[in-house]
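*Asks:* Sequence first, then the predicted structure:
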Amino acid sequence: MIEAVVFDAFGTLLQLGVRRHPFRQLMRQLRLQGRRPDPEDARTLMTRNLGLAGAANSFGAQISHAELAGIERDLFVELQSIRLFDDSLEALNKIRAAGLKIAICSNLAAPYAVPIRLLLPELDYYVFSFEVESIKPEPEIYQKTIDLLGCEASAIAMIGDTAAADMHGPIAQGMQGYLLQRNVAASGGGFRSLLEFAEYVCRFNR
């Protein structure tokens, strides 16, 4: 029996209407200043509670207030554009009505957590990489999710739009992992919509 369902955030439950890539802009400024990109940069941004100013300071960026304010405006525009996919609420309601616990497990820079909590205020748990200092597909972030849900790993189903992070990673920790493949012919453990996935997980509780 499935007792809990875990969702990825962006690309799964939520989408960006406008993409300004503010953190990418910041890293571009750093490159222009002669700083070489580090393979760990993206992980640092998603495992520390940093806004843009904090990230700029952490990486040693020499950036003017005007330049930083411009990037902050782009971040604000991007955050304002975040919306739920059309099938998100209906799928969540079906799963909640079946008595299952619901969590989000997502790799995020800190500013993106606020709209998630505002748009989805009634979930049981939120596991964000910048809060638990681990990113998918590292084992620690899944274990934190399992611990919070209080279920056997095998009774937890996770879905998201990235195979390594949302299907293979959970499976490696004993969970059930599924891939969301919107607008394509889903295969190999995939679903084309969250409603299709909700029907699948709810049937185990009938």
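*Replies:* That came through fine.

*Asks:* CA only for contacts and neighbour counts going forward, please
*Replies:* Will do.

*Asks:* Pull up the distance across stretch 36-48, start to finish.
*Replies:* Using Cα to Cα, to the nearest Å, the gap from the first to the last residue of stretch 36-48 comes to 20 Å.

*Asks:* In it, which residues are buried?
*Replies:* The neighbour-count check on stretch 36-48 (16 or more other Cα atoms under 10 Å) flags 43, 44, 45, 46, 47, 48 as buried.

*Asks:* So what touches that stretch?
*Replies:* Around stretch 36-48, the neighbours that count as contacts under Cα atoms under 8 Å, 6 or more residues apart in numbering are 27, 30-31, 55, 107-110, 129-135.

*Asks:* before we move on, back to that, could you redo the buried residues of stretch 36-48 as TSV and give each row pLDDT and distance to residue 37?
*Replies:* Supplementary listing: the buried residues of stretch 36-48 in TSV, determined by pLDDT from 0 to 100; distance: Cα to Cα, whole Å:
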residue	pLDDT	distance to residue 37
43	96	12
44	96	12
45	96	13
46	97	16
47	98	17
48	97	18
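
*Asks:* which one of those sits closest to residue 118?
*Replies:* residue 46 (19.8 Å; Cα to Cα).

*Asks:* what's near enough to touch the residue lying closest to residue 81 once chain neighbours are set aside?
*Replies:* Spatial nearest neighbour of residue 81, chain neighbours left out: residue 17 (4.8 Å); criterion: Cα to Cα, 6 or more residues apart in numbering. With contact set as Cα under 8 Å, 6+ apart, residue 17 has these partners: 78, 81, 82, 83.
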